[in-house]
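Peer 1: Give me a 3D structure for the following:
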Amino acid sequence: MLIIEGTYKTPTIHFDPEQGKLSITGRSIPEHPIKVYQPLIDAIEEYIKNPAPKTAVTIRLDYLNTHSIEVMMLILNLLAEAKDKSDITVYWQYEEEDEDMLFVGEDFQLHTDLKFVFQSFAEDEY
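Peer 2: Alright, predicted model coming up:
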């Protein structure tokens with residue numbers, strides 16, 4: 001189990017490889033996101049060698065900066081390497097009024113070979 005507590009600039013990350021569950025929540029605006037996400041990247045590199053039969057990835061971010069988008073693409077592409085061994089679904093959750101975050105998720109869907117489910121939520125549910 002990998003748990004990284006979030007800050008104002010970094011997301012909270014929970015990764016349970018045995019259950020095949022990853023959640024990334026909060027905001028991702030660190031100056032050097034690779035430092036924040038490196039433990040997760042390392043864990044995913046190990047996970048994709050022998051993934052759970054189903055993998056659920058929940059991403060609920062209110063904002064990502066450009067560098068975080070690049071790292072998130074790396075994470076999603078790493079996970080996609082296991083799609084022949086695991087049924088992977090990305091649950092992209094966004095505030096219902098935030099079309100920008102919806103578009104970011106749709107862009108990730110276009111550039112990865114993963115199944116996405118888009119889920120909106122009301123502002124007061126965050």
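
Peer 1: Show me the beta-bridge partners of residue 115.
Peer 2: Beta-bridge partners for residue 115, by DSSP bridges, are residue 89.

Peer 1: And it, how far from residue 79?
Peer 2: Taking CB to CB, to the nearest Å as the measure, residue 115 falls 11 Å from residue 79. Using the backbone N, CA and C atoms, a C-beta is placed for each residue, glycine as well.

Peer 1: again with residue 66
Peer 2: Counting by CB to CB, the gap from residue 66 to residue 79 is 21 Å.

Peer 1: Looking at these two, which is more packed in?
Peer 2: Neighbour count, other CB atoms under 10 Å: between residue 66 and residue 79, residue 79 has more, with 22 against 8.

Peer 1: Just list the residues touching the more buried one, thanks.
Peer 2: Contacts here follow CB atoms under 8 Å, 6 or more residues apart in numbering; on that basis residue 79 touches 44, 48, 55, 57, 88, 114.

Peer 1: Reformat these into TSV and put pLDDT, distance to residue 27 and neighbour count next to each item.
Peer 2: Shown next, in TSV, are these (pLDDT from 0 to 100; distance: CB to CB, whole Å; neighbours: other CB atoms under 10 Å):
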residue	pLDDT	distance to residue 27	neighbour count
44	98	21	24
48	97	26	19
55	98	24	24
57	98	18	22
88	98	24	24
114	96	22	17
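
Peer 1: Helix, strand or coil: sort out the residue nearest the centre of the chain for me.
Peer 2: Centroid-nearest residue in the chain: residue 59, 4.5 Å away (criterion: CA atoms, centre = their mean). Following DSSP: H, G, I helix; E, B strand; the rest coil, we place residue 59 in the strand state.

Peer 1: Now do the helices in the protein.
Peer 2: Here the chain has its helices, by DSSP state H, at 33-47, 66-80, 99-111.

Peer 1: From the chain's centroid, how far away is stretch 97-116?
Peer 2: 11 Å (CA atoms, centre = their mean, to the nearest Å).

Peer 1: What lies in contact with it?
Peer 2: If you take CB under 8 Å, 6+ apart as the criterion, stretch 97-116 is touched by 57, 59, 61-64, 69, 72-73, 76-77, 79-80, 83, 88-92, 94-95, 118, 120, 123.
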